[in-house]
Every structure is written in structure tokens, then in C-alpha cells.
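# Provide a 3D model corresponding to the input given below.
(2 chains)
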Amino acid sequence: DTAVSQTPKYLVTQMGNDKSIKCEQNLGHDTMYWYKQDSKKFLKIMFSYNNKELIINETVPNRFSPKSPDKAHLNLHINSLELGDSAVYFCASSQDRGQDEQFFGPGTRLTVL
Amino acid sequence: AQKVTQAQTEISVVEKEDVTLDCVYETRDTTYYLFWYKQPPSGELVFLIRRNSFDEQNEISGRYSWNFQKSTSSFNFTITASQVVDSAVYFCALSEEHTGANSKLTFGKGITLSVRP
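Residues are numbered from 1 along each chain as shown, chains lettered A, B, ... in the order given. As a prediction, this is how the structure comes out:
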């Protein structure tokens, strides 16, 4: 009965590769997010989608491309991976945009070698 | 612009001690929402509480309590009789109402709490 799930949990890859992280929520929420948590544990929003529409793009390099095929899924594709992309990526969802709590997935630890 | 400051970076206590985690926020809005999240060593982010700016009542949930003071722009979190399982990183976060469709959670840098047996 996982509310927000992400795959894979761990991702180890070489610089220059392209990779994707998938996220699904079964909470019936309208809004989904991607966050990046760096090595110092700092959490920063990258994107948010509401009903499949991109709402926030927080000055993320265009090597990162989110895709929302439906409102229960928000995938993150990363092209030409760089060392600095190594981080934990969290997907989250909420019923509404600002006032509701966000439910987070378990995170995907990306390591770029 | 919205900002959350968690000035304490690491706190270490002995089990059964009380501990308070501080959170100070900045916002232009009169309507906003404050949150606390817990990130245990296993890595997941767990929602603890949400408070809107019009509700200054303090909240208690078991050993956890929250003190919201608009006058000092603070939303502090106290754990009473701490336990080893409370060891985690705790994040305070803020969301503003006026940004509407662009509202987002801004997180503080987190406080690492270690509870020693």
C-alpha cells in the first residue's frame, strides 16, 4: 500500500549517460514534485506538476526533463549526467499546491562516477 | 522571498532529556503554512505537522509539541523525554499562499538530532 513509490532506489552510472527515475502515487493527489537533496542534506525543489501541467521549474538545467503521462505519475529523465548530479532525488505529492502536506517517496540515490 | 532558518545544525542529547529544535521563517505573506518533517537514518521523509498562519495554538502530540509565535516568526519543535528512535534530521519548511500556482515548500537546512542511550 505504498503511497508514493520511486524506482529505482539506487542508481549508479557513468558521467555522460542518460537515466530515468520513475515516480507513482496512489493517493489521488493532483500535484507532484521532484526535490533534490544534496550531500549536506539540503532539500530543494526542482519541479512541480499539477494535473500533468508543469507549474514550477526551479532553474534546473535543461538536461533534466520531467514528464507526467498522467496525474499519478511523474518521471524524471536526466541527460548527459555530471558528477554534480549525484544526490538523492525525492518525488512527492500533495492534494493541493501550497497548503497541504506533501507525501514523499523513499528517494532515489543517484551516484555518478 | 520566503526563507527558513534552522540555526542549530547538530544537537546531541542523552535519552530522556527534553530537546527543542528552533525554526525561524521569513515571509511577506499574511497567509502561509509551516511544516516539520523528520528524516530518520533510513532516509525517508516523514510528515510531522502542518500549521497555518492564522492558527497560533500550540500543538501537542504525545512527546512532541510545537510552539508557533508569529511575533518572533518562529515555529519551534520540542521533543519531551527523547528516545534513541528520535535520532534523525528534522526539517522545518514554509509555503506561501500568495504565490498561488507557484507555491512551493522552502526547507530549512535541517537539524541533526542524535539521542544517545
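# The helix or strand of chain B with the lowest mean pLDDT - contacts with which helices or strands?
None of the helices or strands of chain B scores lower by mean pLDDT, DSSP states H and E than strand B:59-61, at a mean of 90. Secondary-structure packing of strand B:59-61 (3 or more CB pairs under 8 Å, 6 or more residues apart in numbering or on different chains; DSSP states H and E): strand B:46-52, strand B:64-69. C-beta: built from backbone N, CA, C; applies to glycine.
# how about CSV for the ones you listed, with distance to chain A and mean pLDDT added?
Output for the helices and strands packed on strand B:59-61, formatted as CSV (distance: least, CB to the nearest CB, whole Å; pLDDT from 0 to 100):
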stretch, distance to chain A, mean pLDDT
strand B:46-52, 5, 93
strand B:64-69, 14, 95
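# Any idea which of the ones you listed gets closest to residue B:95?
strand B:46-52 (9.0 Å; CB to CB).
# Could you tell me how far the closest one lies from the centre of the chain?
Centroid separation for strand B:46-52 versus its chain: 8 Å, with CA atoms, centre = their mean, to the nearest Å.
# For residue B:29, give me the pLDDT.
With respect to pLDDT, residue B:29 has a value of 86.
# rewinding a little: ok, the least confident helix or strand of chain B: who's next to it in the sheet?
With DSSP bridges as the test, strand B:59-61 is paired with strand B:64-69 (antiparallel).
# Contacts for the next helix or strand after the partner strand next, please.
Using DSSP states H and E, the helix or strand that follows strand B:64-69 in sequence is strand B:74-79. Here strand B:74-79 makes contact (CB atoms under 8 Å, 6 or more residues apart in numbering or on different chains) with B:18-25, B:34, B:36, B:48-49, B:51, B:63-69, B:86, B:90, B:92, B:113.
# Would you mind checking those residues for buried ones?
Buried subset of the contacts of strand B:74-79 (neighbour count, 16 or more other CB atoms under 10 Å in any protein chain shown): B:19, B:21-25, B:34, B:36, B:48-49, B:51, B:64-68, B:86, B:90, B:92, B:113.
# quick one, what contacts the closest residue to residue B:45 other than its chain neighbours?
Spatial nearest neighbour of residue B:45, chain neighbours left out: residue A:104 (3.9 Å); criterion: CB to CB, 6 or more residues apart in numbering or on different chains. Residue A:104 is in contact with A:4, A:35, A:90, A:91, A:92, B:37, B:44, B:45, B:46, B:47, counting by CB under 8 Å, 6+ apart.
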